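Undergrad: no sequence on this one, just coordinates:
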C-alpha cells in the first residue's frame, strides 16, 4: 500500500468545490481543509506507485482552481489512531 499526502493551494472561492471533486477521485481517502500556507490536504492510498502517479498527475491536473501542490510519499505510519482502531474491533464502550 502506498500512502501519499498532497498539500494544495487553491483558489479561495473554490475550496469546497475542489475538496468535493478530490474526494470523488478513486484512491483519495480523505480531504481536509486546513489553515496555514495551504488550503487543502488530500490523503491518497493506492496499491502501487503507478496508480498513485495516475491520480496525482492525471486526475488532479484536471481539477480547475488548483494553483500549487506538493506531494509527499509516506514511508511509514506511526499513528496511534490506526493501532487503537485495529485492537478495538469488537470492543463495546
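TA: Structure's in. What do you need? Everything quoted here is computed from the prediction, not taken from an experiment.
Undergrad: Who does the nearest residue to residue 70 once chain neighbours are set aside form a beta bridge with?
TA: Leaving out its chain neighbours, the residue that sits closest to residue 70 by Cβ to Cβ, 6 or more residues apart in numbering is residue 7, at 5.1 Å. Every C-beta, even on glycine, is put in place using the N, C-alpha and C of the backbone. Under the criterion DSSP bridges, residue 7 forms beta bridges with residue 41, residue 70.
Undergrad: OK, contacts around residue 7?
TA: By Cβ atoms under 8 Å, 6 or more residues apart in numbering, the residues touching residue 7 are 37, 38, 40, 41, 69, 70, 72.
Undergrad: Next, the contact list for the first one, please.
TA: Residue 37 is in contact with 7, 9, counting by Cβ under 8 Å, 6+ apart.
Undergrad: how about it, phi and psi?
TA: Note on residue 37: its backbone torsions stand at phi -70, psi -30 [degrees, to the nearest 10].
Undergrad: Next one: it, what pLDDT does it get?
TA: You'll see residue 37 listed with a pLDDT of 96.
Undergrad: now it: how far from residue 56?
TA: Distance from residue 37 to residue 56, counting by Cβ to Cβ, to the nearest Å: 19 Å.
Undergrad: swap in residue 47?
TA: In terms of Cβ to Cβ, residue 47 sits 15 Å off from residue 56.
Undergrad: And the two? Which one has more around it.
TA: Under the criterion of other Cβ atoms under 10 Å, the comparison of residue 47 against residue 56 puts residue 56 first, with 19 against 10.
Undergrad: No more questions from me, cheers.
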